[in-house]
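K.L.:
My questions concern the predicted model and sequence given below.
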Amino acid sequence: MTKETSWFEGSESTHRVARAILKHGPISRTSLASMQGLSLGAVSRIASDLIHEGVVEESLRCDADLVQTAHNSHADMNTNRRGRPQTGLRVRPAGHSFVGVHVQHGKAEVLAVDAACAMLASPRSHMLEPSSSLKDVCHQIGAMIAEYVLDASLKPAKVALSLHGRMIGGNGFCHTPDPGSVQDADVVGILQDSCGIESMLVDDLDSLLMYRGWFGNGHKSSRLAAVMIDRDVSFSICENGVLQGNGTRTGNVIGHIPLDATGPRCASGHRGCSQCLTCDSLAEEYSRIIGKVCGYDDLVSDAHAGIAQARRFIDRLGVRVGTLLATIATFALPEKLLVCGALAPLLNLNQDSVRSGINWYRHGDSSELHFEIVDTSSCVLARAAAAESIVRYLG
């Protein structure tokens, strides 16, 4: 594969300042200097270069919290003097567009955003034609992207594809927890040839963390973690906007963490481990409770309908999830933990049981664990994919 293109060429300090502006902007030069450990003169010179390159622009609004922090760190400043308000710096939204695509359950969701991750065109959904070949799927997605950007009159700098599964390496993809099921297809290469735009493959969980950490309400948290509970259970960690991992896939599949001594046995024979949280396992367990075969969607429907057996099952499920979150928090040490995946709608029905599981397992002297159950619709995950492409393009 060819080397990824970036927005501009510059020193590491210049890229570091640009990333800080993207993450915290609009932000004053004074705040940037304090945050990056650079002199005000150096930041001003870098900002001038970035403005000249069309990467950033000035804004009258600044991040009040960061400005106040910078003022407090310079005690010798005269806070009583008057003058024109400080201008802030922000990444220039116009001029560049990015496309994010998320594929799940045979449906592809595509949307375009600007450099501030604001949507430029309405999302569009496409049902993919059934195919056993990942190459055919990539060709369909590429044609869909080409049509979408043509209709929206856009020339995207990057396309990011997020698939509902796990990444193995830079181009490989795995639909199931079994790495042996990876299909031999250059996903990025096929997609790039089909749509004619530089493309990248991202992990849905990692890109969600990037989106929340750079453009969402998690941008002020230095350390975020997320756990996705779906067909398998995995987690990912982001520190200061950088994904933590081994460079191939930062989301780590969680194996058999014990959660409930009276829970069902998994395929490996472990009782009540984290694998009992997967959709298939929950459907099987609920089927035994009600005495008939049902699917995961039936469980969700019964829970929303207020059926007693389903609600009691959700209470127990919440405690298991809370135990899992407390375990992850013990070694990940996040300021905030995001919970996402197919289980999110059920957990939203009773967050108190999740908190009970956390309090039961977590040491009493530990700091409070802040968690949030987040929306992981295809539209959100497509936007998250686009968000990661923005960060990668900035360099």
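P.N.:
Cool, got the structure.
K.L.:
Go through stretch 117-129 and flag the buried ones.
P.N.:
With burial defined by 16 or more other CB atoms under 10 Å, the residues of stretch 117-129 counted as buried are Cys117, Leu120, Ala121, Pro123, Arg124, His126. Placement of C-beta: from N, CA and C, glycine included.
K.L.:
what's the answer for stretch 279-296, then?
P.N.:
Neighbour-count burial for stretch 279-296, with 16+ other CB under 10 Å as criterion, is recorded at Cys279, Ser281, Leu282, Ala283, Glu284, Glu285, Tyr286, Cys294, Tyr296.
K.L.:
Would you mind pulling the contact partners of that stretch?
P.N.:
Surrounding stretch 279-296, the residues in contact under the criterion CB atoms under 8 Å, 6 or more residues apart in numbering are 230-231, 263-264, 266, 275-276, 298-299, 302, 309-310, 313, 317, 342-343.
K.L.:
In contact with Leu128, which residues?
P.N.:
With CB under 8 Å, 6+ apart, Leu128 has these contacts: Val103, Gly106, Lys107, Ala108, Val137, Gln140, Ile141.
K.L.:
my guess is the last one meets Val101, correct?
P.N.:
Yes - taking CB atoms under 8 Å as the definition, Ile141 is a contact partner of Val101 at 6.1 Å.
K.L.:
neighbour-wise, which of the two wins?
P.N.:
Just comparing Ile141 and Val101: by other CB atoms under 10 Å the higher neighbour count belongs to Val101, 29 against 25.
K.L.:
Determine the three-state secondary structure at the more buried one.
P.N.:
strand (DSSP: H, G, I helix; E, B strand; the rest coil).
K.L.:
what is it paired to in the beta sheet?
P.N.:
Here Val101 sits in beta bridges with Val110, Leu161, going by DSSP bridges.
K.L.:
what residues are up against it?
P.N.:
Remark: with contacts taken as CB under 8 Å, 6+ apart, Val101 is in contact with Ala108, Glu109, Val110, Ile141, Met144, Ile145, Val159, Ala160, Leu161, Ser162, Ala382, Ala385.
K.L.:
got it, and Ile51?
P.N.:
Under the criterion of CB under 8 Å, 6+ apart, the contact list for Ile51 reads Glu57, Glu58.
K.L.:
can you check Asn350 too?
P.N.:
For Asn350, the contact set (CB under 8 Å, 6+ apart) comprises Arg311, Ile314, Asp315, Gly318.
K.L.:
Now it. Its backbone dihedrals?
P.N.:
phi -160, psi 80 (degrees, to the nearest 10).
K.L.:
swap in Glu58?
P.N.:
Its backbone dihedrals place Glu58 at phi -90, psi 150, with angles given as degrees, to the nearest 10.
K.L.:
so it touches Leu89, yeah?
P.N.:
Yes - between Glu58 and Leu89 there is a contact under CB under 8 Å: 6.3 Å.
K.L.:
between these two, who's got more neighbours?
P.N.:
Relative neighbour count places Leu89 above the other of Glu58 and Leu89, with 28 against 13, counting by other CB under 10 Å.
K.L.:
quick one: which of the contacts of Val101 is most hemmed in?
P.N.:
In terms of neighbours by other CB under 10 Å, the contacts of Val101 top out with Ala385 at 34 neighbours.
K.L.:
helix or strand for that residue, which one?
P.N.:
Here Ala385 sits within helix 378-394, counting by DSSP states H and E.
K.L.:
now swap in Leu299 and tell me
P.N.:
Counting by DSSP H and E, Leu299 is part of helix 296-304.
K.L.:
does Asp49 sit in a helix or strand, and which one?
P.N.:
Following DSSP H and E, the helix or strand that holds Asp49 is helix 40-52.
K.L.:
Tell me the buried residues in that helix?
P.N.:
With burial defined by 16+ other CB under 10 Å, the residues of helix 40-52 counted as buried are Ala42, Val43, Ile46, Ala47, Asp49, Leu50.
K.L.:
among those, which two are most distant?
P.N.:
The largest distance within the buried residues of helix 40-52, taken as CB to CB, falls between Ala42 and Leu50 and amounts to 12.6 Å.
K.L.:
Helices of the stretch 151-300 of the chain, residue ranges please.
P.N.:
Read by DSSP state H, counting those that start in this stretch, the stretch 151-300 of the chain holds these helices, from start to end of the chain: 187-195, 204-214, 279-290, 296-304.
K.L.:
Minimum distance to Ser222: which of these has it?
P.N.:
Closest approach to Ser222 among those is made by helix 204-214 (9.4 Å; CB to CB).
K.L.:
what residues does that closest one touch?
P.N.:
In this structure, residues lying in contact with helix 204-214 by CB under 8 Å, 6+ apart are 22-23, 100, 102, 117, 160, 162-165, 218-219, 221, 224-226, 228, 234-238, 241, 243, 249-251, 338, 340, 374, 376, 380-381, 383-385, 387-388, 390-391.
K.L.:
which element follows the longest helix along the chain toward the C-terminus?
P.N.:
Among the segments of the chain that qualify as a helix by DSSP state H, the longest is helix 308-332. Heading C-terminal from helix 308-332, the first helix or strand you meet, by DSSP H and E, is strand 336-340.
K.L.:
And the helix or strand just after that following strand, what does it pack against?
P.N.:
For strand 336-340, the succeeding helix or strand toward the C-terminus, using DSSP H and E, is helix 344-347. With contacts taken as 3 or more CB pairs under 8 Å, 6 or more residues apart in numbering; DSSP states H and E, helix 344-347 sits against helix 296-304, helix 308-332.
K.L.:
Of the ones you listed, which stretch is the most buried?
P.N.:
Ranked by mean neighbour count under mean count of other CB atoms under 10 Å, the helices and strands packed on helix 344-347 are led by helix 308-332, which reaches a mean of 20.
K.L.:
Could you pull up the contacting residues of Arg271?
P.N.:
Counting by CB under 8 Å, 6+ apart, the residues that Arg271 touches are Pro258, Asp260, Ala261, Thr262, Gly263, Pro264, Arg265.
K.L.:
Out of those, which end up buried?
P.N.:
Using 16+ other CB under 10 Å as the burial test, the contacts of Arg271 include Asp260, Gly263, Pro264 as buried.
K.L.:
pretty sure Tyr395 contacts Ser11?
P.N.:
Check again: residue 395 is Gly, not Tyr. No - the pair Gly395 and Ser11 fails to qualify as a contact (CB under 8 Å) at a distance of 10.9 Å.
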